[in-house]
Each structure stands twice: as structure tokens, then as C-alpha cells.
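> prediction below, plus the sequence it came from.
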Amino acid sequence: MKFVSKFSKSLSALAQPSRFVALADSVIPALAGTTLVAFTFGLWLSFTTDVDYQQGETVRIMYVHVPAAWIAMLCYSVMTMNAIGSLVWRHPLADVAARVAAPLGAAFTFVSLLTGAISGKPMWGTWWVWDARLTSMFILFIMYLGILAINRAIDEPNRAGRVTAVLIVVGFVNIPIIKFSVDWWNTLHQPASVLRLDGPALDMEFLRPLLTMGFAFACLFATLYVASIRSEIWRRKLISHYRLSARAAAHKDG
């Protein structure tokens, strides 16, 4: 119980914007450095491994396509947790953390869709098919864009936060659909080959660069996410400062 209490207090302290900014200032350089090293090693592995006997050189697109898809779903899951924290516990940073994740998720989803289309052309003979996996992934992209549009359309921050939080939680139903679509329906997309109960189906020659690039993408997301939260905190502080200054000036003139 003491450990749980200390952990809860640590999270509460971290939720304070000023403390989070101080932590972000010290963490971001380490995250950025790790991201650079991971991408350097991951890209080297991606371009030096053997080609697939069926896909040929296009197999290398998988080392970008699959990690981008993983992070796109991870990002929405993180958004959902923050949305719940905003709705239920009124967590001080939950609304900020949920909002800044949307453009990052949209970017990773777009990369996943684009690289999927590039690899799909030589394999399937077409850039796009409306099968379950691709359609559900495209819906995820539309959801990200919708959340961004709502945040811009509603001027009142608290109301915008509540509306987007509800939509984020409701939209989470699409994440398991994306994950299990290849198992539930007959699709052109290949079934899961890494996250399987009986272990990965990929040969280590391909699994090694894929997991390395997955780690690199995760580090990139973490770096951008923490930096985005810090920037949003500073933006809100500046807006609050300007508003207080404007009110003080108006009161003085009155």
C-alpha cells in the first residue's frame, strides 16, 4: 500500500504543469539522442538484410509501414487513456496530453497508409483495396482529422476538451477492429506475423530490423509527444498571461 501511495503521489506531482516542463527539459535531449541512434541502426539493418523471395526489394517498405501502423494505434490508445483521465478524474494534464497526440497520430497513420499503398501496388496490382484492415486504418486517419477539426472549431477550451474526450473514448472501438480485422474477415492483407500467441512467424532476418525500427518509431513518438505537451503548456501559459494583462489594462482604463 505504501508503494501505491508513493506512486500515486509521484504521478500527482508530475501532473503539475511546471514540474512536467522541468522534467521534459531534461528528458527530451535523451529521447532525441536515443531516437537518432535507433533510427541509424534500424535503417542500416533495413538496407543490409536479404530481400524476400516473393516481395523482393519492396519488403524493405515493411520496416517503415508496420512500425508506423503500430505507433498510430498506440497513439490513439494513449489519447484514450488521457481522455478518460480528463473526463473522470479531471487530471490537470490529461486534456493537454490528449489534444497534442492527435496531429502525431494523424501523421503516423498517413505514413502507414502511404507506405502500404506503395507496397500494395507490386503485390496486389493496385494502390488500394477496401478490405477490412485498410478500411479500418483509413477510418482511424479520418478520426484523427475529425478530432483536430473539432479542437479548432470550438473556441471554448473546456467544452472542446469534453467533446473531443467523449469522441476519443467512443472511437477506441476501432483499435481492436484494426488489430483483429485480418482474423475476423477474409482480407488481402497478410495476417499478424509478429504479435502472435505462438510467437512471431517472421524469420529473424526480417524480424530484427522490424523490431529495431519499431523501437525507433516509438522513441520518435515519445520525443515528439513530450515536446508537444511542453509546447502546449507554454502556449496556454502565454494565452493566460495575455488575457490577464488585457483585463488589467481594461480595468485600469475604466
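Everything's here; your move.
> quick one: the helices in the stretch 151-254 of the chain?
157-171, 174-184, 204-253 (DSSP state H, counting those that start in this stretch).
> angle of the longest one against helix 157-171?
With axes from the mean of the first three to the mean of the last three Cα atoms, to 10 degrees as the criterion, the two stretches helix 204-253 and helix 157-171 enclose an angle of 160 degrees.
> in space, what's closest to the spatially most central residue of the chain - neighbours in sequence excluded?
Taking Cα atoms, centre = their mean, the centroid of the chain lies closest to residue 75, which sits 2.5 Å from it. Nearest residue to residue 75 in three dimensions, chain neighbours excluded: residue 105, at 3.7 Å (Cβ to Cβ, 6 or more residues apart in numbering). For the C-beta atoms, the positions are set from N, CA and C on the backbone; glycine is no exception.
> dihedrals phi and psi, the one you found?
phi -60, psi -40 (degrees, to the nearest 10).
> identify the residues contacting it.
Taking Cβ atoms under 8 Å, 6 or more residues apart in numbering as the criterion, residue 105 is in contact with 72, 75, 76, 79, 140, 144.
> same thing with residue 101?
Contacts of residue 101 (Cβ under 8 Å, 6+ apart): 75, 76, 78, 79, 82, 225, 228.
> what's the closest non-adjacent residue to residue 175?
Distances taken as Cβ to Cβ, 6+ apart place residue 73 nearest to residue 175, at 5.5 Å, with adjacent residues excluded.
> per-residue confidence for that neighbour?
Reported pLDDT at residue 73 in the predicted model: 95.
> also residue 45?
90.
> name the nearest residue to it, ignoring sequence neighbours.
residue 209 (3.7 Å).
> which residues touch the one you found?
Counted by Cβ under 8 Å, 6+ apart, residue 209 has contacts 42, 45, 46, 49, 63.
> can you put the helices of the stretch 151-254 of the chain in a markdown table and add mean pLDDT and distance to residue 119?
Shown next, in a markdown table, are those (pLDDT from 0 to 100; distance: least, Cβ to Cβ, whole Å):
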| stretch | mean pLDDT | distance to residue 119 |
| --- | --- | --- |
| helix 157-171 | 87 | 27 |
| helix 174-184 | 82 | 16 |
| helix 204-253 | 83 | 13 |
